[in-house]
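Asks: Please work out how this folds:
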Amino acid sequence: MNARKMILTMAAGTLAAAAPAFADPPRWAPAHGYRHNAERVVVVKRRPVVREVVVREPVVVRRTVIVERPVYVERPLYFERPVYYAAPPAPPAPVYAGPVSDRALGTLGGAIIGAAIGSQFGGGNGRTAATAIGAVVGGVIGSGL
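Replies: From the prediction side, this is the model:
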């Protein structure tokens with residue numbers, strides 16, 4: 001029974017809160033409901049318009065008009081013929097120098113190792129000189145001289 005009373009009370013409260021929504025707006029307020037969309041009678045009074053029409057004879061002036069038009073001259077189209085040049089000479093055949101000698105590899109390897117060892121000594125410009133001297137000495141030793 002308690003639940004029934006509670007439901008009825010809530011329904012009555014909801015209807016009471018919604019009651020102002022069903023009321024008409026006052027006469028002085030702008031209407032947004034059915035009165036706003038009511039048909040309006042508009043009366044238009046038309047007055048006859050009197051226009052003055054003057055008929056005159058047209059004035060004709062004869063003038064000579066010169067119209068310059070473009071002149072088209074047909075010219076023959078000349079196309080230059082393609083020019084063919086002689087084929088470029090073939091590049092020279094590569095010269096086979098033979099196998100790389102062990103002496104060249106030894107010189108290169110010795111220079112690299114000598115430069116690495118020479119860079120460990122000295123400081124600043126002295127290090128640069130030691131690297132260069134180490135590369136030269138390493139190359140000489142690697143070549144087998």
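
Asks: other SSEs contacting the lengthiest helix in the chain?
Replies: Criterion DSSP state H: the longest helix present in the chain is helix 125-143. Judged by 3 or more Cβ pairs under 8 Å, 6 or more residues apart in numbering; DSSP states H and E, helix 125-143 is in contact with helix 102-118. Yep, even glycine has a C-beta here, placed from its N, CA and C like the rest.

Asks: between the helix it packs on and helix 125-143, how many degrees?
Replies: 150 degrees (axes from the mean of the first three to the mean of the last three Cα atoms, to 10 degrees).

Asks: Convert helix 102-118 to PDB, retaining C-alpha atoms only.
Replies: C-alpha atoms of helix 102-118 as PDB (Å, rounded to 0.1, in the frame of the first residue of the first chain):
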ATOM      1  CA  ASP A 102     102.000  -8.200 -53.600                       C
ATOM      2  CA  ARG A 103     104.500  -5.400 -53.300                       C
ATOM      3  CA  ALA A 104     101.800  -2.700 -53.800                       C
ATOM      4  CA  LEU A 105      99.500  -4.400 -51.300                       C
ATOM      5  CA  GLY A 106     102.400  -4.600 -48.900                       C
ATOM      6  CA  THR A 107     103.200  -0.900 -49.300                       C
ATOM      7  CA  LEU A 108      99.600   0.100 -48.700                       C
ATOM      8  CA  GLY A 109      99.200  -2.200 -45.700                       C
ATOM      9  CA  GLY A 110     102.500  -1.000 -44.200                       C
ATOM     10  CA  ALA A 111     101.600   2.700 -44.700                       C
ATOM     11  CA  ILE A 112      98.200   2.200 -42.900                       C
ATOM     12  CA  ILE A 113      99.800   0.300 -40.000                       C
ATOM     13  CA  GLY A 114     102.700   2.800 -39.800                       C
ATOM     14  CA  ALA A 115     100.200   5.800 -39.700                       C
ATOM     15  CA  ALA A 116      98.200   4.100 -37.000                       C
ATOM     16  CA  ILE A 117     101.300   3.500 -34.900                       C
ATOM     17  CA  GLY A 118     102.700   7.000 -35.600                       C
END
